[in-house]
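>>> okay, here's the prediction I keep looking at, along with the sequence it came from:
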Amino acid sequence: MTVAAFSGVVFLVSAAAGFLGALTGLGGGVVVTPVLTLLLAVDMHYAMGASLVSVIATSSGAAAAYVKEGYSNVRAGMLLEIATTAGAVAGAHLTSKVPVPALAIVFGAVLLYSAWHSMTELTARSAQAGDPLAERLKLNGSYPGPTGAVAYRVAHVKAGFSLMVGAGLISGLLGIGSGAMKVVAMDQAMRIPFKVSTATSNFMIGVTAAASAGIYLRHGYIHPGLAMPVMLGVLGGSLMGARLLGRARTRVLRSLFAVVIGVMALEMVYSGVTGGMR
Amino acid sequence: MTDFRLEQLVGNLLRAGVILAAAVVMAGGVWYLAAEGTARPDYHRFHGARGAMPWTQGLSGPLETIQIGLLILIATPVARVVFSMAAFGMERDRVYVGITLVVLAILAYSLAGS
């Protein structure tokens, strides 16, 4: 295959990943790495570098839309970014130390978790008693509801902060956005309403990925020749997907995509264990 | 300026940054395909970077041009953090100016070199 044909294939695959990722809310970056490594025999580090770039593109590209809705909690996002960026820097440094088969196995496990997470409906839980720390840090807020502003309290700030260090670590280690983990930390631990968690998480994903990007660039993980079709594909696909959102019936698509992710996760683990990936 | 107006401005600036980055990456990509389109891709094995950050010689070649687009892209979330700090500063919220400075310091550590 020539560079031109290879770039074309990578562009199309990335566009499909971005499209499905935006439509299902799972994010496209998470499937880019397994597709590149398993189907196109790309080195794991180059794949993770290209995926990280596409994560920043979708996060910043979607920011304008999220801002208009007025859901994101800027203070909570900024506070938690200390945790995610610190975790990401540690994770990105760790990537050069961890052998590739081990990276593949961890990647597979995280993918399995994402697939499972997308299939389960989380029950919304609002905080009965807020955290005094949240009061002091002005984290409690409100979001636009159908009948005016809905106020909410933020709970378990320290637990949420610790979970975010983990989310950042995984993001830096694997070159993904780890949006699912961020939403769980805010939504389940800190009891921040789901819509606010999602919007705030989108804001945090780009900043977290930027914290890994400097280290990835210096290690040479981000190859411009590969990042080019991946970034343009995922960005184009996710913008199209976001436009269709609300009009398409996503439940069946979501289950289908979750199954695809699950199969790729098992493949990743398998190739890591059997040494098919080095 | 209200919080919401500022947020909207930042959102639009981010979108402009992404569009600019995509345009530069696309221009470099067209150059790359024209110059090296018939070569064989070599991403099977990781070559790594020795010493300095690779592909940073400005617009000297197609891969270097794409790299500039990627750097613009990486700068967009960093710009957002800087704008947030300005907003907290205007509200005279010292605690959050401090929190934002910590985030910026971690980003600077990663991007400017360790």
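Cool, got the structure.
>>> centroid-nearest residue for the chain?
No chain in the question, so chain A it is. Computing the C-alpha centroid of chain A and ranking residues by C-alpha atoms, centre = their mean puts residue A:177 first, at 2.6 Å.
>>> try again with chain B
Closest to where the C-alpha atoms of chain B average out (C-alpha atoms, centre = their mean) is residue B:74, at 1.9 Å.
>>> with adjacent residues omitted, what lies nearest to that one?
residue A:213 (4.7 Å; C-beta to C-beta, 6 or more residues apart in numbering or on different chains). Every residue, glycine included, has its C-beta placed from N, CA and C.
>>> tell me the buried residues in stretch A:233-245?
A:233, A:234, A:235, A:236, A:237, A:238, A:239, A:241, A:242 (16 or more other C-beta atoms under 10 Å in any protein chain shown).
>>> can you map out the helices along the chain?
Just so you know, I chose chain A. Ranges of helices in chain A, per DSSP state H, are A:3-24, A:29-34, A:44-69, A:74-95, A:100-119, A:132-136, A:157-174, A:179-184, A:194-219, A:224-244, A:250-274.
>>> not what I meant, chain B
B:3-36, B:62-90, B:94-112.
>>> which of the ones you listed is buried the deepest?
With neighbours defined as mean count of other C-beta atoms under 10 Å in any protein chain shown, these peak in mean count at helix B:62-90, which reaches a mean of 21.
>>> and that helix, what does it pack against?
Under the contact criterion of 3 or more C-beta pairs under 8 Å, 6 or more residues apart in numbering or on different chains; DSSP states H and E, helix B:62-90 touches helix A:44-69, helix A:74-95, helix A:194-219, helix A:224-244, helix B:3-36, helix B:94-112.
>>> anything in the fifth one near chain A?
Yes. Helix B:3-36 comes into contact with chain A when judged by C-beta under 8 Å from any C-beta of the partner chain, the residues involved being B:3-4, B:7-8, B:10-12, B:14-15, B:17-18, B:21-22, B:25-26, B:28-29, B:32-33, B:36.
>>> can you give me the angle that helix makes with helix A:74-95?
Orientation of helix B:3-36 against helix A:74-95 (axes from the mean of the first three to the mean of the last three C-alpha atoms, to 10 degrees) gives an angle of 30 degrees.
>>> and helix B:3-36, what's its mean pLDDT?
Helix B:3-36 carries an average pLDDT of 88.
>>> okay, the angle between it and helix A:194-219?
40 degrees.
>>> packing partners of helix B:3-36?
Looks like helix B:3-36 contacts helix A:3-24, helix A:44-69, helix A:224-244, helix B:62-90 (3+ C-beta pairs under 8 Å, 6+ apart).
>>> pull the number of nearby residues for the closest residue to chain B within the stretch 151-278 of chain A.
Per C-beta to the nearest C-beta, residue A:220 is where the stretch 151-278 of chain A lies closest to chain B, at 3.0 Å. By the measure other C-beta atoms under 10 Å in any protein chain shown, the count of residues near residue A:220 is 18.
>>> cool, and residue A:75?
For residue A:75, the tally of surrounding residues (other C-beta under 10 Å) stands at 23.
>>> next, the contact list for it, please.
Applying C-beta atoms under 8 Å, 6 or more residues apart in numbering or on different chains to residue A:75 gives the contacts A:137, A:138, A:139, A:141, B:96.
>>> show me which of the residues you listed are buried.
For these, a burial check counting by 16+ other C-beta under 10 Å picks out A:137, A:139, A:141, B:96.
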